[in-house]
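Q: model this:
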Amino acid sequence: MFLPRLFRLGNWVMRALPPRVRYPLAAVTGRCAFYLMPRRRRVAFENFAQVLGLPWNDPLVKRTAHHAFGNYFKMFADFMLMDTLKPEEIRRMVRPQGREQIDRVLAEGKGAIVVTAHVSNWDILAAAAAVYGYPISAVTSDLPSGGINELMIASRERIGMKMIPLGPGSPRQILKALGRNELVALASDLYSGDRGVRVPFFNRPALFPSGPAAIALKTGAPILPVWCRRQTDNVYVAEIEAPIEVSRTGDTPRDIQVTTERIVQFFERIIRREPDQWLVFLPVWRLEQAPQPPGSPMQPVLDPS
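A: So this is what the prediction gives:
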């Protein structure tokens, strides 16, 4: 039970620090980690170089990666708080824009597939949906053992979220949730397998999961693009956009391809808007090898969604 105790200690520390201290301290810690984690730093250089269309050693690429580390640790500070956050606190932390889009799609009675990227804080995005009164199930990978996974599930169920563990049984649970007219949230900008959909992503091919498009075709559920961004005052703005058009020509492989391309175009647009809030420190472009920083690792991608 060491890890849960350590997590609760972190929660206590974060609670003790007022936001005006908590977030600057987290940002400084993250920027120190930038220098202490060379493998992650090199991957960040690769990723942001592709996003910005610049060499990995360009000053803007390095500055963006540096800020991203700070933003990651800000997100982690909020992650540590999740075990004890009250619904009213989450409402103060997250300001939604476009809730009418959710109301409109749920009125159709088919649920909705919520697609988002690892921008800013995808975890609190799902929590905010729950406390604002929307039934939501989040598809997630298990966290490390030692009691942390159970603690995370309990903390999220406490505020009304449901969790669907990523695995062989997840498609059936997703279909059941959609059948109950719920939102099903997936962070879909990273893919760990080798049988995904090949899509241009910032002008280089990458693999993305076929699940969101395939489920939408099977069920008729709309695909709702949602993301959140952190403002300078550390309040999140959750933006809910109009549903992504699902291709329905009858050619299933082609429809999955076209629909996934539209989802990825959404990812590109939001990442371009807030590049240093895209908190991805794992290799994304694995289909071909581009010029990399000296000593850059080519390690397998874990699925952190």
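
Q: any idea how far residue 149 is from the closest residue to residue 245 other than its chain neighbours?
A: Of all residues not flanking residue 245 in the chain, residue 262 sits nearest, at 6.4 Å (C-beta to C-beta, 6 or more residues apart in numbering). For every residue, glycine as well, the C-beta is placed using N, CA and C. As defined by C-beta to C-beta, to the nearest Å, residue 262 lies at a distance of 33 Å from residue 149.

Q: buried residues in stretch 198-205?
A: For stretch 198-205, a neighbour-count test (16 or more other C-beta atoms under 10 Å) marks 199, 201-202 as buried.

Q: make TSV out of those residues and add secondary structure, pLDDT and distance to residue 157.
A: Converted to TSV, the buried residues of stretch 198-205 look like this (DSSP: H, G, I helix; E, B strand; the rest coil; pLDDT from 0 to 100; distance: C-beta to C-beta, whole Å):
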residue	secondary structure	pLDDT	distance to residue 157
199	strand	97	34
201	strand	98	34
202	coil	98	36
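
Q: from those residues, which is closest to residue 25?
A: For the buried residues of stretch 198-205, the residue nearest residue 25 by C-beta to C-beta is residue 202; the value is 32.4 Å.

Q: there's contact between that closest one and residue 54 in this structure, I believe.
A: No. Contact criterion C-beta atoms under 8 Å: residue 202 and residue 54 do not qualify, at 11.3 Å.

Q: flag the shaky bits of the stretch 51-200 of the chain, pLDDT-wise.
A: Confidence mapping of the stretch 51-200 of the chain against pLDDT under 70 gives the ranges 142-148.

Q: the residue most central in space within the chain and residue 282: what is the separation?
A: Taking C-alpha atoms, centre = their mean, the centroid of the chain lies closest to residue 118, which sits 2.9 Å from it. From residue 118 across to residue 282, the span is 10 Å (C-beta to C-beta).

Q: returning to that earlier point: any chance of the buried residues of stretch 198-205 in TSV, with distance to residue 31 too?
A: What follows is the buried residues of stretch 198-205, written out as TSV (distance: C-beta to C-beta, whole Å):
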residue	distance to residue 31
199	32
201	27
202	25
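
Q: surely residue 198 forms part of a strand?
A: Yes. Assessed by DSSP: H, G, I helix; E, B strand; the rest coil, residue 198 belongs to a strand.

Q: what sits against it?
A: Residue 198 sits next to 205-207, 287 when contact means C-beta atoms under 8 Å, 6 or more residues apart in numbering.
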